[in-house]
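# When you get a sec, could you give me coordinates for this:
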Amino acid sequence: MKGRHKGVQKRLLEMNPRAFYTPCGCHRLNLALCDMANCCPKAMSFFGVIQRIYTLFSSSTKRWKIFKDLVKGLTVKPLSQTRWESHVESVKPIKEQTSQIRDALYELANKSEDPKMKSEAESLALHELENFEFLLGVVIWYKLLYAINTVSKFLQSENMDIDVAVKLLEGIILFLEEFREDGYDKAMVEAKEMASTEYFRINYFLFIVDQARFSMTTRFEKFQKYEELFGFLFNLERLQLTDDEVLLRSCKNLESSLTHRGCSDISGDDLFSELTFLKCSLPREAKTTIDVVNYLKKMDGCFPNAQIAYKILLTIPVTVASAERSFSKLKLIKTFLRSTMSQEILNGLAMLSIEKEVTERLDYTDLISIFSSKTVRRVAF
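Down below sits the predicted model:
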């Protein structure tokens, strides 16, 4: 039988000299993996991150000990262009132990005295292993690599027949076609589960949301204080819905807040009496604070405490951005070509620029006449 096989091989070799020198099925699969890994920049970047994680830990016995102390399961593996299972073996530990490897990177960053290694570990932990796009890539690549590696193992069997190999290859192509249609959605679901079961949800999503809530609460705490003091004066509808007991308490609280060295700008009892009458006499069109102030001006001092309270309320700025624009105007007005500009001229030009909307409505004809009459010089002979 062996001699018969050798005779068949000899005749095939005479017909096609390259028949037995072309890459085998397993080699072809490995070349297909190499093509996949180098097909686009994101794929190359993904495996670059995998290799960086391995290199960081394996290049030092101290770093490898940190890895082994925190990662109890699979160890990270390097990539290889010739070892067929290297790709799937390098991705599997990252997929199965994302949180443990992330903890090891943070531990390495905390203990490392080398600024370069510290920066590399923090970058991998924060910008890669906590990146949802990277987690999605881990899921996608593992599914693809696992399927191809399974076929590769079957092809390496000693008793593998060519018809079975053809069917396996047809099966992997069919798998890729189906994976192209619905694989992304399934991978998204699994990546989301990884993100929620790992620290992604805690250290990223909840972290930024909680930080936003905390910042908004603390940084706008003053606005809440203003609402407690002046809330009953914000609009007519709210004033009318406030019962007398709550209104009196609010007036007393406002009097206390506006007291300085034993003197207060208003009287709480008088303000309560004025508001009790005012909320019944205000016209329906007076809905905003400014409308109420304009109405109080027409009353010519009949509601002195209410007028003072509303004026103080209107002096509280919601933002000072409009006032800060004046500083932004200076760099547009006083350039390096105008280094000899006097303070008076600078103030005048700044005022014209800041109040641009007002100056655009001015009649320049009268201004020019006034200016020319004041600057003319008559010489007496």
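# Which pLDDT value goes with residue 204?
pLDDT recorded at residue 204 is 55.
# For residue 263, grab phi and psi.
In terms of degrees, to the nearest 10, the main-chain angles of residue 263 are phi -120, psi 140.
# what bridges to it?
residue 260 (DSSP bridges).
# 6 is where my numbering starts, stick with that
Got it, the first residue is 6 from now on, which makes the last one we talked about residue 268.
# I'd like the distance between it and residue 310.
Distance of residue 268 to residue 310, computed by C-beta to C-beta, to the nearest Å: 14 Å. For the C-beta atoms, the positions are set from N, CA and C on the backbone; glycine is no exception.
# quick one, which of the two is more surrounded?
Using other C-beta atoms under 10 Å, the more surrounded residue of residue 268 and residue 310 is residue 310, with 22 against 7.
# Please give me every residue in contact with residue 240.
Residues in contact with residue 240 (C-beta atoms under 8 Å, 6 or more residues apart in numbering) are 292, 293, 294.
# run the last query once more with 10 Å
Neighbouring residues of residue 240 by C-beta atoms under 10 Å, 6 or more residues apart in numbering: 246, 291, 292, 293, 294, 296, 297.
# Would you confirm that residue 276 contacts residue 254?
No - using C-beta atoms under 10 Å, residue 276 makes no contact with residue 254, being 11.8 Å away.
# Those two: which is more packed in?
Between residue 276 and residue 254, residue 276 has the larger neighbour count (other C-beta under 10 Å), namely 25 against 14.
# what number of residues lie near residue 322?
Neighbours around residue 322, by other C-beta under 10 Å: 9.
# low pLDDT regions in the stretch 156-305 of the chain?
Counting by pLDDT under 70, the stretch 156-305 of the chain contains low-confidence ranges at 163-164, 166-168, 200-214, 216-218, 220-225.
# Which parts of it are helices?
When assigned using DSSP state H, counting those that start in this stretch, the helices of the stretch 156-305 of the chain occupy the ranges 167-202, 205, 211-224, 226-235, 241-246, 249-262, 273-286, 294-303.
# Give me the neighbour count for residue 92.
Neighbours of residue 92 using other C-beta under 10 Å come to 26.
# State the pLDDT value of it.
For residue 92, pLDDT reads 81.
# I'd guess it is in a helix, am I close?
Yes - Residue 92: assigned to a helix according to DSSP: H, G, I helix; E, B strand; the rest coil.
# In contact with it, which residues?
Applying C-beta under 10 Å, 6+ apart, we find residue 92 in contact with 35, 38-39, 41-42, 52, 55, 82, 84-86, 146-147, 149-150, 153-154.
# just residue 31 next, same as before
89, 156, 157, 158, 159, 160, 161.
# Please work out how many residues are found near the fifth one.
Read it as residue 159. 14.
# and it, how far is that from residue 148?
Residue 159 is 18 Å from residue 148, where distance means C-beta to C-beta.
# The third one too?
According to C-beta to C-beta, residue 157 stands 15 Å off from residue 148.
# Great, nothing more from me.
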